[in-house]
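Chemist: okay, predicted coordinates and the sequence, questions at the end:
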Amino acid sequence: MEFLAISGSGRLVSTNTSMLRAMAAAATPEHTITVFDRIAGLPVFSPDSEIGTLPEPVQIFVNLIRDSDGLIIASPEYVRAIPGGLKNAIDWLVSRDEIIGKPIVLAHASHRGDDMLSQLRLVLSTVSERFTESIFLRYDLMKRSPQEISDFLGLTENRSAFTQYLRNFSEYCHNSRR
């Protein structure tokens, strides 16, 4: 399975991005995870920009989504809401076919963020009928370095939970194709 892991953070050293990178590094051979950490590089969405050729960063983003079997989204909470960069990225997809029917799950790198997660669940269930909130992975990784996050995910109990998360998502993706 080819998964695209989208970080909703615009920070260079983001906890959620670090978690996704550690997940990609720890994935079993039957799963490939590509991390998209360039949300901040997408131009501000305007329907006028959809006419003709898409801006190059958006086209790259759209192609990655099209070519994936499913999306894993991890995002921080900003002022109890979806970060503007992630919402902007989703706005670029609203009128596109690549997101419709794409299996989507969430992962979260904090014990906080329930307001954002609630909003994100609503938005994602609107853009794809294949979003599921039943497959969800959450770790409390706040204030940990990328290396500490990688080490944490390498612990047996955490690696087992992560591996099961990917298996569940793979099964969901397979069943979604039927």
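Modeler: That came through, no problem.
Chemist: where are the low-confidence patches of this structure?
Modeler: In the predicted model of the chain, residues 178 satisfy pLDDT under 70.
Chemist: what about the longest helix in it?
Modeler: Identified as the longest helix of the chain according to DSSP state H is helix 156-177.
Chemist: show me what that helix is packed against.
Modeler: helix 15-26, strand 70-74, strand 104-108, strand 131-138, helix 146-154 (3 or more CB pairs under 8 Å, 6 or more residues apart in numbering; DSSP states H and E). C-beta coordinates here come from the backbone N, C-alpha and C atoms, glycine included.
Chemist: how about a cut-off of 7 Å?
Modeler: Packed against helix 156-177 by the contact rule (3 or more CB pairs under 7 Å, 6 or more residues apart in numbering; DSSP states H and E) you find helix 15-26, strand 131-138, helix 146-154.
Chemist: so which residue is smack in the middle of the protein?
Modeler: The structure's the chain has its C-alpha centroid closest to Ile73; by CA atoms, centre = their mean the separation is 1.7 Å.
Chemist: assign the residue lying closest to that one once chain neighbours are set aside to helix, strand or coil.
Modeler: In space, and not counting its chain neighbours, Ile73 is closest to Ile6: 4.9 Å by CB to CB, 6 or more residues apart in numbering. Counting by DSSP: H, G, I helix; E, B strand; the rest coil, the backbone at Ile6 sits in strand.
Chemist: tell me which residues touch Ile6, please.
Modeler: 36, 71, 73 (CB atoms under 7 Å, 6 or more residues apart in numbering).
Chemist: I'd like to know how many residues surround Gly41.
Modeler: 14 (other CB atoms under 10 Å).
Chemist: i'd like the first residue to be 41 from this point on
Modeler: I'll keep to 41 as the first residue from here, and by that count the last item is Gly81.
Chemist: so what pairs up with Ala147 in the strands?
Modeler: Residues in a beta bridge with Ala147, per DSSP bridges, are Ala114, Leu177.
Chemist: touching, it and Ala114? I think so.
Modeler: Yes. When contacts are counted by CB atoms under 7 Å, Ala147 is listed as touching Ala114 (4.4 Å).
Chemist: and those two? which has more neighbours close in?
Modeler: Ala114 (28 against 22).
Chemist: against Ser190, how distant is the more buried one?
Modeler: 15 Å (CB to CB, to the nearest Å).
Chemist: alright, that wraps it up for me.
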